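S.K.: Sharing a sequence plus its predicted fold:
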Amino acid sequence: MPGRLLRGLRQWWRSYRYRFVPWIALNINHNPRTRRDVPGKREDKVLADAEVLAALLRVFRALLAHDLPRQREVLAALPEPVRSAYRHLLPAPPHARSPEDVLLQTLGFSVARAASSLVSAGRGVFVTRGLAPRGAVVSMYPGTVYQKYEPVFFQSIGNPFIFRCLDGVLIDGNDKGISKVVYRSCSGRDRLGPLRMSDSTWLTSEIQNPLAVGQYVNNCSNDRPANVCYQEFDVPPSFPVELKQYLPNTTYSCAQQRPLRCVVLIALRDVSQGEELLSNYYTIVR
Ligand SMILES: C[S@@+](CC[C@H](N)C(=O)[O-])C[C@H]1O[C@@H](n2cnc3c(N)ncnc32)[C@H](O)[C@@H]1O
């Protein structure tokens, strides 16, 4: 009897191994050219946080200046010293019509979504005008930020837009279905009168922050190496309240004491007009 049981168990284990090993092999990327190795969480920064912050502030201030006629209510809610700093802002020149134009004028390039240059890859993100120099912040990964212990099961079903940070925090960048409803709800919840704490226009066709398309960046391959990489960025408490309306991330829980987690994409080399942005989806943290 124990012999039969052991044989049965051995047989089951063999079939189990064969069924699951190929699946595991598919999910572990052994090719060093198409995976991202992170020696330690602290060594994952291509660009210093201060530089990421400076780039975001430049773009967001320019977006606010461009949108000045619609920002009067926001500016009126600010304390006088902050408000007076914006008095010197000039409205956008007449040729800066769209947020993409503002991006082009501020950073020297613009990005947008279009049909991917990869076979059967759906849409991707391209440098549409100008040149994105090495080290530039080229995109942001929008979405709802979930701590490790927060419920994301239903949102995650069949959802290819969930980004996992090095510390296990998840960002759901899906702009459809339940993910969209959750983002809208959390973003609306955190509003302070006319002051919005996050941007939800990335869920629509009228994107206010043109950088918020990072969830559409496709994966690299052997013949098409990555030209951008992900970098996590925690929004500091000193971040200007009037510019939070351009942050494309919101926390799932309102009782969040931690800084807001954002993820930006940084150019690994100069990326020319017409090139598709490609990142590396595989990360190994040692
Ligand atoms: C985060 S989404 C990227 C946006 C996606 N291209 C779209 O239009 O919705 C990830 C999905 O894009 C597709 N994808 C990404 N990189 C790819 C590649 N190199 N080749 C083929 N499909 C790719 C896969 O379907 C993957 O599940």
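M.R.: Ah, there it is.

S.K.: Could you check how many residues crowd around the closest residue to residue 241 other than its chain neighbours?
M.R.: Once flanking residues are discounted, residue 241 sits nearest to residue 195: 6.0 Å by Cβ to Cβ, 6 or more residues apart in numbering. (C-beta placed from N, C-alpha, C; glycine too.) For residue 195, the neighbour count with other Cβ atoms under 10 Å is 15.

S.K.: One more: residue 165?
M.R.: Look at residue 165: counted by other Cβ under 10 Å, it has 18 neighbours.

S.K.: ok, now how distant is it from residue 141?
M.R.: According to Cβ to Cβ, to the nearest Å, residue 165 and residue 141 sit 10 Å apart.

S.K.: outside of stretch 97-114, which residues touch it?
M.R.: Stretch 97-114 is contacted by residues 55, 58-59, 62-63, 66, 92, 95-96, 123-133, 136-139, 207-211, 213, 216, 271, 273, 277 when judged by Cβ atoms under 8 Å, 6 or more residues apart in numbering.

S.K.: Tell me the residues on the stretch 151-286 of the chain that lie near the ligand, please.
M.R.: Residues of the stretch 151-286 of the chain lying close to the ligand (Cβ under 6 Å from any ligand atom) are 160-161, 215-216, 218-219, 221.

S.K.: switch to 8 Å and redo it
M.R.: 160-161, 173, 215-221, 224, 278, 281 (Cβ under 8 Å from any ligand atom).

S.K.: Return a ChimeraX selection command for the buried portion of those residues.
M.R.: A single ChimeraX command selects the buried members of these (16 or more other Cβ atoms under 10 Å):
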select :161,173,215,216,217,218,219,220,278,281
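
S.K.: In strands only, show me the residues of the stretch 151-286 of the chain next to the ligand.
M.R.: Using DSSP state E, the subset of these located in strands is 218-219, 278.

S.K.: would you turn those residues into TSV with pLDDT and distance to residue 81?
M.R.: Formatted as TSV, these follow (pLDDT from 0 to 100; distance: Cβ to Cβ, whole Å):
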residue	pLDDT	distance to residue 81
218	98	45
219	97	46
278	98	44
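
S.K.: Show me which of the residues you listed is closest to residue 71.
M.R.: Of all these, residue 71 sits closest to residue 218, with 34.5 Å by Cβ to Cβ.

S.K.: quick one: contacts for the closest one?
M.R.: Residue 218 neighbours (Cβ under 8 Å, 6+ apart): 116, 118, 121-122, 124-125, 276-279.

S.K.: same question, residue 199
M.R.: Residues near residue 199 by Cβ under 8 Å, 6+ apart: 142, 187, 208-209, 212, 245-248.

S.K.: repeat that with 7 Å
M.R.: 208-209, 212, 245-248 (Cβ atoms under 7 Å, 6 or more residues apart in numbering).

S.K.: Not counting sequence-adjacent ones, nearest residue to the closest residue to the ligand within the stretch 51-200 of the chain?
M.R.: At 2.6 Å from the ligand, residue 122 is the closest residue in the stretch 51-200 of the chain, using Cβ to the nearest ligand atom. Spatial nearest neighbour of residue 122, excluding adjacent residues (Cβ to Cβ, 6+ apart): residue 116 at 6.0 Å.

S.K.: Could you do residue 253 as well?
M.R.: residue 150 (6.0 Å).
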